[in-house]
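Enquirer: After the sequence you'll find the predicted model.
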Amino acid sequence: MPEKNNKNLNDDAAIVAPANFNACDGGEIEIETNDGLTMRKTSGKGKRGNTTISIIVNYCKGCELCVAFCPEHILEMDKEIVKVIDISKCTKCNMCEYLCPDFSISVE
Ligand code: SF4
Ligand code: SF4
């Protein structure tokens, strides 16, 4: 279970992250915003350099479209929410982002 570290991003969000979080090795961080949204960010080196995949948990309805169409097969379902399993293979093609009907996933 992630440990709350009581840091503030700014006045609008708090960070919840595992104690061993490392943004360079594909680590995942969870951000809770004060408008009630939970965002999971996975960052690391992808095939086109530094990559961050963000998933707004509250918007993901688990339709699996992004999982089915990711050409690199790096997304999978974690119960009903999509998750990133290997960011090092991400090409930033943005296919997942274009296909998501709920604007839940984005890649930068
Ligand atoms: S940007 Fe492309 S390769 Fe990366 S997760 Fe999305 S669909 Fe897969
Ligand atoms: S396409 Fe969007 S709503 Fe569907 S599983 Fe992926 S992130 Fe969730």
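Expert: On my side now, so go ahead. The structure presented is a predicted model; accordingly, all values stated were derived computationally and were not measured. Ligands and ions are numbered 1, 2, ... in the order given.
Enquirer: how much space between Val57 and Thr38?
Expert: Taking Cβ to Cβ, to the nearest Å as the criterion, Val57 is separated from Thr38 by 4 Å. In short, each C-beta sits where N, CA and C put it, glycine included.
Enquirer: With Ser104 instead?
Expert: Note on Ser104: its distance to Thr38, by Cβ to Cβ, is 11 Å.
Enquirer: Ok, Ile105 next?
Expert: Separation of Ile105 from Thr38 (Cβ to Cβ): 14 Å.
Enquirer: Give me the common contacts of the two.
Expert: Overlap of the contact sets of Ile105 and Thr38 (by Cβ atoms under 8 Å, 6 or more residues apart in numbering) consists of Ile56.
Enquirer: Settle it for me: which of these two has more neighbours?
Expert: Neighbours per residue (other Cβ atoms under 10 Å) separate Ile105 from Thr38, with Ile105 holding more: 24 against 15.
Enquirer: Point out where this structure drops to low pLDDT.
Expert: Applying pLDDT under 70 to the predicted model, the residue ranges of the chain that meet it are 1-26.
Enquirer: Show me which residues of it sit near ligand 2.
Expert: Remark: the part of the chain in contact with ligand 2 comprises 55, 60-66, 82, 99-100, 102, 104-105, using Cβ under 6 Å from any ligand atom.
Enquirer: Give me the common contacts of Ser104 and Thr38.
Expert: Listed contacts common to Ser104 and Thr38 are Ile56; contacts here mean Cβ under 8 Å, 6+ apart.
Enquirer: Okay, helices next: where are they in the chain?
Expert: Taking DSSP state H to define them, one finds helices in the chain at 65-69, 95-99.
Enquirer: correct me, but Glu64 touches Asp78?
Expert: No. Under the criterion of Cβ atoms under 8 Å, Glu64 is not in contact with Asp78, lying 11.6 Å apart.
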